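Colleague: just to be clear, the model below is a prediction. Sequence and coordinates:
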Amino acid sequence: MAILRKGFTAIELMVILLVVAILAAIAVPNYSEQIASAQISQSITLADMAKSAVAAQYALNHSFPSDNAAAGIPPANFIVSNYVSALTVENGAITLTFGNQANGRIKGKFLTLRPAFVPAYPQVPIAWICGMANVPGNMTATGVNKTNLTVAELPFACRA
């Protein structure tokens, strides 16, 4: 007479655990990239205040502010958020330094937003170039792009 066994053997359970572990190992890095990208996207809104100040300075003087004080905004380490530890203006370019509660992948990294303008026609509005994005035709971007995030971490609007 045959004995019917219900349930799994130890080997079957170990195979299932191995498959689950492999799937988790594949999924975790992608999830971490998505978290970092979401934090970067949320942080870009912090630059809006500085964008307004830089644009106002350009409209008034046809030149870009050299630093935070020239832009009329607080010092870099006082413009912070959950994911940004500093916002710096240098020759019109706005650089976000990621820190505080930012994902470990992006802590200490930078994202730069550079103003692009038409040199011969200062009345043309400034376009903001995020990270590695291309400069629009007939425009010139100013400031140094310090962006050192990977392409996968950058929001789509900030990619080349």
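Modeller: Now that the structure is in, tell me what you want to look at. Numbers count the residues shown, from 1 in each chain.
Colleague: look up how far Glu33 lies from the residue nearest to the spatial centre of the chain.
Modeller: Of all residues in the chain, the one closest to the mean position by Cα atoms, centre = their mean is Ile40, 3.5 Å from it. With distances taken as Cβ to Cβ, to the nearest Å, Ile40 is found 11 Å from Glu33. All C-beta spots, glycine's among them, are computed from the backbone N, C-alpha and C.
Colleague: who touches both of the two?
Modeller: Shared contacts of Ile40 and Glu33, defined by Cβ atoms under 8 Å, 6 or more residues apart in numbering, comprise Glu153.
Colleague: quick one: the strands in this structure?
Modeller: Under the criterion DSSP state E, the chain contains strands at 84-90, 93-98, 110-117, 127-130, 140-141.
Colleague: which neighbouring elements make contact with the shortest one?
Modeller: Other elements packing on strand 140-141 under the criterion 3 or more Cβ pairs under 8 Å, 6 or more residues apart in numbering; DSSP states H and E are strand 110-117.
Colleague: one more time with 10 Å
Modeller: strand 110-117, strand 127-130 (3 or more Cβ pairs under 10 Å, 6 or more residues apart in numbering; DSSP states H and E).
Colleague: quick check: which of the ones you listed is buried the most?
Modeller: strand 110-117 (a mean of 23; mean count of other Cβ atoms under 10 Å).
Colleague: between strand 84-90 and that strand, find me the angle.
Modeller: For the pair strand 110-117 and strand 84-90, the angle between their directions (axes from the mean of the first three to the mean of the last three Cα atoms, to 10 degrees) equals 30 degrees.
Colleague: quick one: strands adjacent to strand 110-117?
Modeller: In the sheet containing strand 110-117, its partner strands are strand 93-98 (antiparallel), strand 127-130 (antiparallel), strand 140-141 (antiparallel), by DSSP bridges.
Colleague: ok, which of those strands comes nearest Ala157?
Modeller: strand 127-130 (5.5 Å; Cβ to Cβ).
Colleague: what's in contact with that closest one?
Modeller: Under the contact criterion Cβ atoms under 10 Å, 6 or more residues apart in numbering, strand 127-130 has outside partners 40, 44, 47-48, 51, 54-55, 93-94, 111-118, 133, 135-136, 139, 141-143, 145, 147, 154-159.
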